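Participant: This is a predicted model, with the sequence first.
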Amino acid sequence: MKDVLVELERRRATARAGGGEDRIAAQHKRGKLTARERIEIFLDEGSFEEFDMFVEHRSTDFGMEKTKYAGDGVVTGWGTINGRTVFLFAKDFTVFGGSLSEAHAEKVIKVQEMALRNRAPIIGLYDAGGARIQEGVAALGGYAEIFQRNVLASGVIPQISVIMGPCAGGDVYSPAMTDFIFMVRDTSYMFVTGPDVVKTVTNETVTAEQLGGASVHTTKSSIADGAYDNDVEALLQMRRFIDLLPQSNTSPVPEIETFQPVDEIDLSLDRLIPDNANKPYDIKELILKTIDEGDFFEIQESFAKNIVTGFGRVEGRTVGFVANQPMVLAGVLDSDASRKAARFVRFCDCFNIPLVTFVDVPGFLPGTAQEYGGLIKHGAKLLFAYAEATVPKITVITRKAYGGAYDVMASKHLRGDMNYAWPTAQIAVMGAKGAVEIIYRKDIGDADKIAAHTKGYEDRFLSPFVAAERGYIDEVIMPHSTRKRIARALRMLRNKDLTNPWKKHDNIPL
Amino acid sequence: MFDKILIANRGEIACRVIKSARKMGIKTVAVYSDADRDAMHVEMADEAVHIGPAPAAQSYLVADKIIAACKQTGAQAVHPGYGFLSERASFCEALEKEGITFIGPKPKAIKAMGDKIESKKFANTAKVSTVPGYLGEIRDADHAVEIAGEIGYPVMIKASAGGGGKGMRIAWNEAETREGFQSSQNEAKSSFGDDRIFIEKFVVDPRHIEIQVLGDAHGNVIYLGERECSIQRRNQKVVEEAPSPFLDEDTRRAMGEQSVALAKAVDYQSAGTVEFIVDKNKNFYFLEMNTRLQVEHPVTELVTGVDLVEQMIRVAAGEPLTISQDDVTLNGWAVESRLYAEDPYRNFLPSIGRLTRYRPPEEGQDGDVIVRNDTGVTEGSEISMFYDPMIAKLCTWAPTRIEAIDAMSVALDEFVVDGIEHNIPFLAALMQHPRWREGRLSTGFIAEEYPNGFAPRQPEADEQRVIAAVALAVELLRRDRLDRHLGRMAPHSGAMKPDWVVRIGDDYIDVSITEGMIGSPIEVDLAVGDGKPMTVTSDWRPGDPVWKGEVGGKPVAAQVRPVLNGSRIAWNGKAVTAKVMLPKIAALAKLMPVKLPPDTSKMLLCPMPGLVVSVSVEEGQEVKAGETLAVVEAMKMENVLRAERDLTVSKINAKAGDSLAVDAVIMEFA
């Protein structure tokens, strides 16, 4: 072999070794994989094409010129997932702790630009110590350049971040601007300022896990959309997730073969709604029985559980589901649930993913905690998101749709394309008890009269028919044919053409 | 013949009776409580009458309401099923008074057989072999010791009005007899308000074998062979079969003839069951007579071809039996498994909730095998706490015992139940138990073979190979279509690979495709581990809950539920999570840390999904064993959660009004 070819092989081998055997062993000991191992799991075998393998930093301060590693702490490139293109960058913790230098940032920027230009998703795998302090302001500049490209790509290509180790300081804002963040339990954490700074400034003593572990971010802060037990589980799930997503905002919704016919009725759904209106049931059963093979990729499963959001397929094509969950807080809308669902609706609308909404909502959650916390504006986010969405919108009211929450949940008035109700639906301004006590205030002392009024109200208003008579409901459907009806509606709406008036951008109540 | 009958029962037996009535052209009336408004028996019947609130004492057990329902609908007769009012003589009398026929024996027979001492006296008169014992009332402990000495130890001390193991003691010597007499008497008094006690010989390692009899109003009585019901858990029958693997023709005839004699002695006019215990030497002793249709009657129907419900209705209508004793032949073998809504891994704790999936195996005859499933529920039904937790009786018939057991094994593997916990894993494990397969049974079988309860068991090496092959066959089909994903680059490097690794628990098993095409139906040769390639065929498609096919020439029916990056595969009473990976990924998966499940010994977990009614303690509080920690409401029932030992509460995670999932951590202890 020619010497130059041998030299290339040697340089490649050096670059692939990253920070060296000891650091790789240390990485494994922490329960983590290296950047290249992660890429191997994430991409189709043999599909990875690397960029900028030989990039090195150019810093000469603090003796940095003596330590250089090919690649400079980040591995970038593209590959395929089941044959579909994705771009990625993976922080290499074995090289300078994955810290960001000017050269490192340039590599990330290059792959971000390629992803945007070539309209394919980009995934960042995070395991890094933040900015490389030795580089000072050059690193800060690098971060901002990355942020800017995150924003430009937002809504054009799916951007996903997977936190697989430390992610702190400047590193957190790029994931924060992507569409989804996933974490690995026990080995990853995310915060703006670490436990040491927290201790100095606020005198709070917390561990990294308590401050920004997967549990915190999936249940309390809602920063993360999901968490997995280890690197392998997380990366394999990211493959599953990418399979569900379109390549860009101009690509069609992905479609795979499906074997489960949509015209089979499911009689068990006729028994889903309990006799007692105050008894909960699990709305996820309806989702699982509506989608193909019960294969549901839930987003923010552990946060604001009173609303369920996630992706499934109907007739092989991706659909976004939003559903009030009667099992938790009776499915009421509060600030957290509104924010969670609003963001999900907007993602689906960005990427042409049809929305199916299951409604069983008793209203908005009352109380000072909610009002002081800005329920009005948080609730408005969901209202805004549904109202501006131009993707196919199908709504099924299973039980309660009361008051303002009825309007919010993809009602006909917000350009719902197909608005169905089950015969058990109760579309009304409020429940019978409350309504009767207002309308018949003078009879409150008379239990018999109130009971008669309540019965009258229930018979007249707690049904889908008042709304159906006005055309607010397109059709009252049998629960057992829900999957069939949704599938047919989705077929009909495949060529839906609806555009909002031209604007620079909207002004959603943030 | 009647035009219309009412079924004073619910669940599977009500459905069972409706089926026979419908076949005979008789209209049916169902009755239902609040909890059964949408129940299957209500849907099946021609008419249904609401009879009150959910508790049986306010609905199914109220004779007046049943009679009113008969009058309202014009039902001419009542089939009581089993349980509830089926053995209540006063109910028959009340019906008779109203001119309504009771489809069952006459009140006199019910009364005679309903009392343990009375029934023994009848048995003695009819020359039925009874357990040596003393039928008179026992005066005191001295008297008890004297009698025990005459009978010979060990002896059983029983409450005359007893049942369900209450007021029952076994004594091996004088001291135990004194003590046992006293405690039996106390228990009998408090439980039944009747402190009459009797003593009989205790039969060691007995089998429970019973004879089905059928009598008419014209003095004809025949017997329809026996059923063995030795597989019991705490006196609750779990698996039954007909015939018994233990009886020879002579013993069978002797038991049958004595049973007929007893039935004749009480002028028995319906289907009834004479229960015996049988010792090692085939000595049999009369236990009691059940004056009703027995739960396990289907196994008799399968081996004799006689529809017992039809016969009961015909007899009640006054028709003479058309079958003579000579017509009765026992053909082949039938096994019944009772499916209970009980969690076998949590000491058979009842489990309630919604049957989100309920897909029994297909009923009917396939080759030499018949599958029958008597059930009262359907997908979406609610299992409530108000009634018996039995959800179905799955029966299989085949020419031989072992074929019937194997057919049961397959049928259980195919039976999909989700939403509640159930005993299918236990039943499936039983079907593989060598002692059961050999027919070496006694009523102590479960207690002896599962002394510490039932725990999940790891598959054997050959079972694991089958599971690995199924897991790969499933995964290949799931992935194959992704190779045709819209928008993919073709050809691409993600296409099918021949070599895979299946992770089952901590084992990583190499599986290679040596031959064949991926598609549905699938037919591939897979080499598992070091083994020779096995042909795997199936027409399973993604989304099907049951994988049916062949692995290495043997039929396999396994349940497949998708889980994170893999499948939960249940087969042969074993359930494992199998994850299929490419070899390179498997090598990396081995580097992942083992995460131990959290230590729950210092936590109070929510035992069922429910609503927190109250939390009775505060953080930092010291609590004594037995004190209330929290109250959780599920299905309108308040469950008081108590401290199992002395402890200190360190953290409380729930408050009143929270709705919790099963196993949610309510509080933690120091």
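Facilitator: Arrived safely, thanks for sending. Residues are numbered from 1 along each chain as shown, chains lettered A, B, ... in the order given.
Participant: CA atoms for contacts and neighbours, from now on please.
Facilitator: Fine.
Participant: Identify the residues contacting the closest residue to chain A within the stretch 101-250 of chain B.
Facilitator: Of all residues in the stretch 101-250 of chain B, B:Val238 sits closest to chain A, at 27.9 Å by CA to the nearest CA. Neighbouring residues of B:Val238 by CA atoms under 8 Å, 6 or more residues apart in numbering or on different chains: B:229, B:231-232, B:337-338.
Participant: now swap in A:Lys284 and tell me
Facilitator: A:Lys284 is in contact with A:308, A:325, counting by CA under 8 Å, 6+ apart.
Participant: Do a quick rundown of the helices in the stretch 151-300 of chain B.
Facilitator: B:174-192, B:249-265, B:297-304 (DSSP state H, counting those that start in this stretch).
Participant: report the longest strand in the chain, please.
Facilitator: This is for chain A. Determined from DSSP state E, the single longest strand within chain A is strand A:393-402.
Participant: could you do chain B instead?
Facilitator: Longest strand in chain B by number of residues (criterion: DSSP E): strand B:221-233.
Participant: If you count neighbours, what's buried in that one?
Facilitator: Neighbour-count burial for strand B:221-233, counted by 16 or more other CA atoms under 10 Å in any protein chain shown, picks out B:221-232.
Participant: Equivalent analysis for stretch B:456-473, please.
Facilitator: Per 16+ other CA under 10 Å, stretch B:456-473 contains these buried residues: B:459, B:464-473.
Participant: What of stretch A:447-467?
Facilitator: Within stretch A:447-467, the residues scored as buried using 16+ other CA under 10 Å are A:450, A:453-454, A:457-458, A:461-467.
Participant: Does anything pack onto the longest strand of chain B? Which helices or strands?
Facilitator: For strand B:221-233, the packing partners by 3 or more CA pairs under 8 Å, 6 or more residues apart in numbering or on different chains; DSSP states H and E come out as strand B:207-215, strand B:236-242, helix B:249-265, helix B:297-304, helix B:445-449.
Participant: contacting residues around the helix or strand where B:Ala144 lies?
Facilitator: Applying DSSP states H and E as the criterion places B:Ala144 in helix B:141-151. If you take CA under 8 Å, 6+ apart as the criterion, helix B:141-151 is touched by B:132-134, B:138, B:155, B:174, B:177-178, B:181-182, B:199-201.
Participant: Most neighbours among the residues you listed, please name it.
Facilitator: For those, the largest neighbour count, defined by other CA atoms under 10 Å in any protein chain shown, is 31 neighbours, found at B:Phe181.
Participant: contacting residues for that one?
Facilitator: B:Phe181 touches B:140-141, B:144, B:157, B:169, B:197, counting by CA under 8 Å, 6+ apart.
Participant: roughly how far apart are it and A:Arg16?
Facilitator: 83 Å (CA to CA, to the nearest Å).
Participant: cool, A:Lys66 as well?
Facilitator: With distances taken as CA to CA, A:Lys66 is found 20 Å from A:Arg16.
Participant: Can you report how many residues neighbour whichever residue of the stretch 501-650 of chain B sits closest to chain A?
Facilitator: In the stretch 501-650 of chain B, the residue that lies nearest chain A is B:Gly543 (4.2 Å; CA to the nearest CA). Residue neighbour count, defined by other CA under 10 Å, stands at 18 for B:Gly543.
Participant: Please name the nearest non-neighbouring residue to it.
Facilitator: Using CA to CA, 6 or more residues apart in numbering or on different chains and skipping residues adjacent in sequence, the residue nearest B:Gly543 is A:Glu293, 4.2 Å away.
Participant: so the one you found sits in a strand?
Facilitator: No: according to DSSP: H, G, I helix; E, B strand; the rest coil, the state of A:Glu293 is helix, so it is not within a strand.
Participant: got the contact list for it?
Facilitator: A:260, B:542-544.
Participant: and the residues you listed, which of them are in helices?
Facilitator: If you go by DSSP state H, those have nothing in helices.
Participant: ok, of these, which one's closest to B:Pro521?
Facilitator: When the contacts of A:Glu293 are compared for distance to B:Pro521 (CA to CA), B:Pro542 wins out at 11.3 Å.
Participant: I'd say that closest one and B:Asp480 touch.
Facilitator: No: judged on CA atoms under 8 Å, B:Pro542 makes no contact with B:Asp480 at a distance of 10.7 Å.
Participant: And these two? Which one has more around it.
Facilitator: Neighbour count, other CA under 10 Å: between B:Pro542 and B:Asp480, B:Pro542 has more, with 20 against 16.
Participant: Which residues of the stretch 151-300 of chain A lie near chain B?
Facilitator: Proximity of the stretch 151-300 of chain A to chain B (CA under 8 Å from any CA of the partner chain) is limited to residues A:230-233, A:236-237, A:254-260, A:267-272, A:285, A:292-295.
Participant: Show me which pair in the buried residues of stretch B:456-473 is furthest apart.
Facilitator: Between any two of the buried residues of stretch B:456-473, the greatest separation by CA to CA is 18.6 Å, found for B:Pro459 and B:Ala473.
Participant: For whichever residue of the stretch 51-200 of chain B sits closest to chain A, give me the pLDDT.
Facilitator: The stretch 51-200 of chain B approaches chain A most closely through B:Ala54 (13.3 Å), counting by CA to the nearest CA. Note on B:Ala54: pLDDT of 91.
Participant: Count the residues that sit near it.
Facilitator: Neighbourhood size, B:Ala54 [other CA under 10 Å]: 19.
Participant: same thing with B:Leu247?
Facilitator: B:Leu247 has 16 neighbours, counted by other CA under 10 Å.
Participant: For B:Phe181, see how far away it is.
Facilitator: Note on B:Leu247: its distance to B:Phe181, by CA to CA, is 34 Å.
Participant: Now do the longest strand of chain A: everything it contacts.
Facilitator: Residues from elsewhere that reach strand A:393-402 (CA under 8 Å, 6+ apart): A:273, A:354-363, A:409-411, A:415-431, A:486, A:489.
Participant: Mean confidence (pLDDT) on it, please.
Facilitator: 97.
Participant: Helix, strand, or coil at whatever residue of the stretch 401-510 of chain A ends up closest to chain B?
Facilitator: Closest to chain B within the stretch 401-510 of chain A is A:His480: 11.1 Å, counting by CA to the nearest CA. Here A:His480 is recorded as helix under three-state DSSP.
Participant: Contacts only, for it.
Facilitator: For A:His480, the contacting residues are A:265-270, by CA under 8 Å, 6+ apart.
Participant: Now list the buried members of these.
Facilitator: A:266, A:268-270.
Participant: Low-confidence stretches in chain B?
Facilitator: Within chain B, the stretches with pLDDT under 70 are B:162-166, B:490-495, B:634-637.
Participant: Contact residues of it facing chain A?
Facilitator: B:38, B:356, B:378-381, B:481-495, B:541-544, B:562, B:564-565, B:585, B:588-589, B:591-593, B:659.
Participant: Let me see the ranges of the strands in the stretch 151-300 of chain A.
Facilitator: For the stretch 151-300 of chain A, strands defined by DSSP state E, counting those that start in this stretch occupy the ranges A:159-163, A:166-168, A:180-184, A:189-191, A:226-228, A:297-299.
Participant: What about residue 91, how many residues nearby?
Facilitator: All of this refers to chain A. 28.
Participant: Please refer instead to chain B.
Facilitator: B:Phe91: 21 neighbours (other CA under 10 Å).
Participant: same thing with the one 4 residues further on?
Facilitator: A count of nearby residues for B:Leu95, using other CA under 10 Å, gives 21.
Participant: Helix, strand, or coil at it?
Facilitator: Three-state assignment for B:Leu95 (three-state DSSP): helix.
Participant: what sits against B:Trp547?
Facilitator: B:470, B:538, B:540, B:556-560 are the contacts of B:Trp547 under CA under 8 Å, 6+ apart.
Participant: Please tell me how far the spatially most central residue of chain B sits from B:Asp366.
Facilitator: Chain B has B:Arg338 as the residue nearest its centroid, 2.6 Å off, counting by CA atoms, centre = their mean. According to CA to CA, B:Arg338 and B:Asp366 sit 22 Å apart.
Participant: before we move on, the earlier item: adding distance to A:Lys32, write the helices of the stretch 151-300 of chain B out as TSV.
Facilitator: Below are the helices of the stretch 151-300 of chain B laid out as TSV (distance: least, CA to CA, whole Å):
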stretch	distance to A:Lys32
helix B:174-192	63
helix B:249-265	69
helix B:297-304	58
